[in-house]
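In: Structure of the sequence below:
(one chain, ligands or ions: 1)
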Amino acid sequence: MKRYNICILGGTGFVGKHLVSRLAGEGHQIRVLTRHRERHRDLLVLPTVELVQGDIHNESFLKQYFAGQQVIINLVGILNETSHNGKGFQRAHVQLVQKIIQACEKNHVRRVLHMSALNATGKKKLSHYLLSKGQAEDLLHIIDTLQATSLRPSVIFGAGDSFFNRFYRLLRFTPFVLPLACPHARFAPIYVGDVVEAFVHCLHDPRTIGQRYDLCGPKVYTLKQLVQYVASFLHHQPAVLGLSYSLSKLQAYIMEYMPGKPFSCDNFQSLQADSVCKDPFPAIFDLQPRSIEAIVPNYLTRQGQRENLTTYRSRAQLYTRQRQ
Ligand SMILES: NC(=O)c1ccc[n+]([C@@H]2O[C@H](COP(=O)([O-])OP(=O)(O)OC[C@H]3O[C@@H](n4cnc5c(N)ncnc54)[C@H](OP(=O)(O)O)[C@@H]3O)[C@@H](O)[C@H]2O)c1
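Out: I've put the predicted structure just below:
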């Protein structure tokens with residue numbers, strides 16, 4: 001098996017950490033560019049991983065650190081922007097890819113593996129997120145000096161995901177009923193391990209050059225079914241109340257202006273398109289995608305047990321202090 005020098009942008013995130021450890025296991029030399037080196041020191045236990053701190057939006061930084069690399073993997077993506085006009089999405093997705101292309105040209109790097117998203121399209125505006133993701137993907141695929149492959153997954157699950165874990169945390173503090181926007185939006189969640197295997201396959205298989213692959217898990221669920229599934233892991237099993245279209249829009253509008261933007265008008269727009277695949281899982285990857293039922297109980301239950309232990313520990317400390 002050929003080993004590569006690979007530079008990864010966004011390698012410290014949820015998908016990134018899974019991918020970096022899988023690639024390190026194959027012995028590739030991996031350079032991860034990050035804004036916060038100290039926060040992600042855990043990656044340094046992997047013997048062939050180098051963490052470089054810097055601003056990936058700075059062209060000279062990219063040009064400097066793409067030197068000597070054979071493959072670039074771009075995993076950078078945001079679901080929310082601080083502004084409200086799409087400029088944040090344009091910067092994080094489109095402008096970044098323009099800079100990646102320039103840095104590749106400067107360093108004669110040809111192979112780029114790019115993480116896009118299902119429904120991303122540069123041709124019509126479903127949401128700022130999907131538009132900018134689609135435009136970024138198109139940019140990479142029209143440059144003929146590059147050998148680009150894009151993966152376009154539905155929502156991704158696995159240890160450390162933001163989807164199931166976020167609803168789990170939210171439902172833990174929901175005493176009775178969770179009002180849920182866009183309950184009928186449909187998803188085909190895909191396991192992070194399967195996405196990672198698809199990336200690794202692309203690295204070694206030249207037939208994937210120039211291709212864009214939609215990636216979905218084996219089953220389709222509505223958002224409400226998925227949130228009810230998460231609620232089933234909790235002792236108090238809160239109910240999930242699906243909101244109508246207008247109330248969902250109102251919730252998005254209110255939450256857009258809340259600290260941390262837990263839900264936004266742009267998320268609402270993205271959810272108007274079902275995140276499901278037209279075709280079966282691409283045969284080229286030669287794998288059976290795993291289901292949420294096979295994977296999610298392993299990490300949501302463990303998280304619950306860990307959080308229970310923390311609660312018991314603090315209750316015990318409080319009890320001891322009261323007795324002293
Ligand atoms: N998770 C999903 O369900 C899902 C579904 C479809 C598509 N995707 C796509 O898959 C990719 C990876 O997703 P993920 O869930 O692993 O994301 P994530 O956990 O949020 O990680 C993304 C990484 O990108 C970097 N990053 C984020 N915003 C940035 C910014 N404004 N400027 C510079 N760097 C930034 C961060 O690295 P540093 O903090 O180290 O700089 C972060 O670790 C994204 O492109 C996402 O759009 C994800």
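In: Which residues are in contact with Lys219?
Out: 188, 291-292 (Cβ atoms under 8 Å, 6 or more residues apart in numbering). From N, CA and C alone the C-beta is placed, and that goes for glycine too.
In: Among the residues you listed, the buried ones, what's the PyMOL command?
Out: Selection command for PyMOL covering only the buried members of the contacts of Lys219, criterion 16 or more other Cβ atoms under 10 Å:
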select buried, resi 188+292
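In: Tell me which residues are up against stretch 289-306.
Out: Counting by Cβ under 8 Å, 6+ apart, 157-160, 164-165, 168, 189-191, 193-194, 215-219, 221, 226, 229-230, 233-234, 281 sit against stretch 289-306.
In: which residues of the stretch 1-150 of the chain score low on pLDDT?
Out: Within the stretch 1-150 of the chain, no range satisfies pLDDT under 70.
In: Spell out which residues of it are next to the ligand.
Out: The stretch 1-150 of the chain comes close to the ligand at residues 10, 12-16, 34-36, 40, 56, 75-78, 92, 115, 117, as judged by Cβ under 6 Å from any ligand atom.
In: just to revisit the earlier point, let me have the contacts of Lys219 in CSV, extended by pLDDT and distance to Pro179.
Out: Formatted as CSV, the entries for these read as follows, by pLDDT from 0 to 100; distance: Cβ to Cβ, whole Å:
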residue, pLDDT, distance to Pro179
Ala188, 98, 25
Ser291, 98, 28
Ile292, 98, 23
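In: related to what we said a few turns ago, restricted to helices, list the contacts of stretch 289-306.
Out: Applying DSSP state H to the contacts of stretch 289-306, the entries found in helices are 164-165, 168, 193-194, 226, 229-230.
In: Would you mind listing what in the stretch 151-300 of the chain touches the ligand?
Out: Within reach of the ligand by Cβ under 6 Å from any ligand atom, the stretch 151-300 of the chain has these residues: 153, 155-156, 162-163.
In: mind putting those residues in JSON lines, pLDDT, distance to Val20 and neighbour count included?
Out: Listed next are these as JSON lines, based on pLDDT from 0 to 100; distance: Cβ to Cβ, whole Å; neighbours: other Cβ atoms under 10 Å:
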{"residue": "Pro153", "pLDDT": "98", "distance to Val20": "17", "neighbour count": "25"}
{"residue": "Val155", "pLDDT": "98", "distance to Val20": "21", "neighbour count": "21"}
{"residue": "Ile156", "pLDDT": "98", "distance to Val20": "15", "neighbour count": "23"}
{"residue": "Ser162", "pLDDT": "96", "distance to Val20": "18", "neighbour count": "13"}
{"residue": "Phe163", "pLDDT": "97", "distance to Val20": "20", "neighbour count": "20"}
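In: With respect to the ligand, which of the ones in helices among the contacts of stretch 289-306 is nearest?
Out: Phe164 (9.9 Å; Cβ to the nearest ligand atom).
In: my read: the closest one touches Leu170, true?
Out: No: using Cβ atoms under 8 Å, Phe164 makes no contact with Leu170, being 10.8 Å away.
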